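Visitor: any chance you could fold what I've pasted below:
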Amino acid sequence: MAKIKAIVVYGGRSTEHEVSCRSASYIFKNIDRSRFDAYAFAVDKAGVWHAQNRNQLEKNIPTTLPVAPHAMGDEDSRKLLEAFFSREGKVDNAVVFNIIHGTTGEDGCLQGFFDLKDVPYVGPSLLGSSIAMDKVVAKQLSEVAGVPIVPYLAIRQSEWEKNDGKAKDQLLKKAEKDLGFPIFIKPASLGSSVGIRKAANPNELKDAVSYAFEFDERILLETGMNVREIEYACLGGYDPEVSAAGEVGVEEGFYSYEEKYSQASKATVQVPAKLDDALAKQGAVLAKKVFEALNLYGLARIDLFLDKKTNKFFFNEANTLPGFTVISQYPKLFEHAGYSGQQLISRLLDLAVERRHKLNRLTRSV
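Guide: Numbers count the residues shown, from 1 in each chain. Down below sits the predicted model:
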C-alpha cells in the first residue's frame, strides 16, 4: 500500500510568517518516513504557493524551511500542488499539516479550502479555528462554559473613528472607569503577541489603541493583572489528553513577540510549572473546558492567567496552531508527557485522517 502524503504547508501572509517557517522545519523533520512521504508547500508573503524540493530538504533539513520558487520544486511536489488548485484535480491519499500561524492560516480560511478539496488536515475545523482566533468570541463562549475571564472591553474601529469627535474620549474614559490601569491592548484576531501594548495612563492607552487598530478592525482591552502565565497543551479528538502545566516567565514587561522568538530572549520556560497538584489539576480542567467550548479538535495550547494574589485561574487565549519551534511550549509539554517529536506529529496526522473518514461517512447530499 502506498504511503500517505504528509504535506507541510507554511509561511503565509501573516505577521507570523517567519515563525511558521521555523515551525515547519520541526514538523517536516519529525514526519515518520516509514509511514508517510513528506512534502512541503510554502506560501510567500504575497500569498503565492510554491512547491518545495523535497529531495533537497531530505538531504539537509534547515532550521527554517525555505520559500523557494515553485519552479525549483521536484516534479512530484509540483504536480501535487497543481492538483490542489486544478478544477478537476483530485488529491488522494494525502493529509495536510498546515502550520501557517495567524491570519489566513489559523482563522478558518485554509481549513475551509481543505474541506472543499476533501483533504484531511491537522487541527480544528473551520468553525473551531475561526472561533478560537477571535479573542472576543473565545472569551464569550468560555465564560458561558463557566471558565473565569479577565474583565475586558471590545472596540470596533468604526466606533473609534466616529465623526462626532467625542467617540475616542468616551471610549477611553469607559475603559479607564471599567478596567482601571494598567490595561493591555490587543488585536482581537492575531497571535504571538503581535500588536499588543501595555498602557499605564490615558495617553499611553490612546496610542496603544491606535497601534492595535493597525493590525485588526476589532481590538480587546483587558484589565492588567499581576499574574503567572500557565499553559496547557491538548492532544486528541473532541475529548483530548491534557498535558502537565507549563509556565512562561519574563524578567519584566510581558511575553511579547520578541520575547517569544528572539535569539536574545530572556524568557524562561518551566515544564512542569511549579504548582501544587490540586491547582495544576484545576487548571487542566479549565483548559479542557475551553477546548470543548470552542469546538476544537486535534491540538491546541490553552493559555491561562493565574492571579498571584488569589491563586485563581483566568482564561487568556487558545492557540489552535501553536508554535513548533525548538523552544515552543506545545512540543515541550508533550515531550514531558513522553512523546517524541515523531510520535507527536504522527498522532496529529492520524487524528486528521480519522476525522476525515468520519466526516465522509456522513450524508451530506441527497
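Visitor: how many neighbours does Gln282 have?
Guide: 18 (other CB atoms under 10 Å). Every C-beta, even on glycine, is put in place using the N, C-alpha and C of the backbone.
Visitor: for Leu141, see how far away it is.
Guide: For Gln282, the distance to Leu141 equals 20 Å [CB to CB, to the nearest Å].
Visitor: format the CA atom coordinates belonging to stretch 100-120 as PDB.
Guide: Provided in PDB are the C-alpha atoms of stretch 100-120 (Å, rounded to 0.1, in the frame of the first residue of the first chain):
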ATOM      1  CA  ILE A 100       0.600  28.900   8.800                       C
ATOM      2  CA  HIS A 101       0.200  30.800  12.100                       C
ATOM      3  CA  GLY A 102      -2.300  33.700  12.300                       C
ATOM      4  CA  THR A 103      -4.300  35.400   9.600                       C
ATOM      5  CA  THR A 104      -5.500  33.200   6.700                       C
ATOM      6  CA  GLY A 105      -3.900  30.000   8.200                       C
ATOM      7  CA  GLU A 106      -5.300  29.700  11.700                       C
ATOM      8  CA  ASP A 107      -8.600  31.500  11.200                       C
ATOM      9  CA  GLY A 108     -10.600  29.000   9.200                       C
ATOM     10  CA  CYS A 109      -9.700  30.200   5.700                       C
ATOM     11  CA  LEU A 110      -7.400  27.300   4.800                       C
ATOM     12  CA  GLN A 111      -9.500  24.900   6.800                       C
ATOM     13  CA  GLY A 112     -12.400  25.700   4.500                       C
ATOM     14  CA  PHE A 113     -10.300  25.300   1.400                       C
ATOM     15  CA  PHE A 114      -9.100  21.900   2.500                       C
ATOM     16  CA  ASP A 115     -12.600  20.900   3.300                       C
ATOM     17  CA  LEU A 116     -13.600  21.800  -0.200                       C
ATOM     18  CA  LYS A 117     -10.800  19.600  -1.600                       C
ATOM     19  CA  ASP A 118     -11.900  16.800   0.800                       C
ATOM     20  CA  VAL A 119      -8.300  16.600   2.200                       C
ATOM     21  CA  PRO A 120      -7.800  15.800   5.900                       C
END
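Visitor: next one: that stretch to chain centre, how far?
Guide: Distance of stretch 100-120 from its chain centroid, counting by CA atoms, centre = their mean, to the nearest Å, is 13 Å.
Visitor: and it, which residues are buried?
Guide: 100-103, 105-111, 113-115, 117, 119-120 (16 or more other CB atoms under 10 Å).
Visitor: tell me, how many residues neighbour Gly338?
Guide: With other CB under 10 Å as criterion, Gly338 counts 7.
Visitor: can you list the residue ranges for strands in the protein?
Guide: Using DSSP state E, the strands found in the chain span residues 4-11, 36-43, 49-51, 94-98, 152-156, 183-187, 197-199, 218-223, 227-236, 241-242, 246-249, 268-270, 298-307, 313-319.
Visitor: pLDDT score assigned to the residue lying closest to Tyr211 once chain neighbours are set aside?
Guide: Computed as CB to CB, 6 or more residues apart in numbering, the closest residue to Tyr211 that is not its neighbour in sequence is Arg197, at 6.0 Å. Looking at Arg197, its pLDDT stands at 95.
Visitor: residue contacts, the nearest residue to Phe334 once chain neighbours are set aside?
Guide: Nearest residue to Phe334, sequence neighbours excluded (CB to CB, 6+ apart): Leu344, at 5.2 Å. Residues in contact with Leu344 (CB atoms under 8 Å, 6 or more residues apart in numbering) are 30, 235, 331, 334-335.
Visitor: in contact with the spatially closest residue to Gln157 that is not a sequence neighbour, which residues?
Guide: Counting by CB to CB, 6+ apart, Gln157 lies nearest to Glu217, which is 4.5 Å off, once chain neighbours are set aside. Residues near Glu217 by CB under 8 Å, 6+ apart: 156-158.
Visitor: confidence score at Glu217?
Guide: On the pLDDT scale, Glu217 gets 94.
Visitor: against Ala200, how distant is it?
Guide: 26 Å.
Visitor: equivalent analysis for Val96, please.
Guide: Taking CB to CB, one finds Val96 at 44 Å from Ala200.
Visitor: cool, and Ala208?
Guide: From Ala208 over to Ala200 (counting by CB to CB), the distance is 10 Å.
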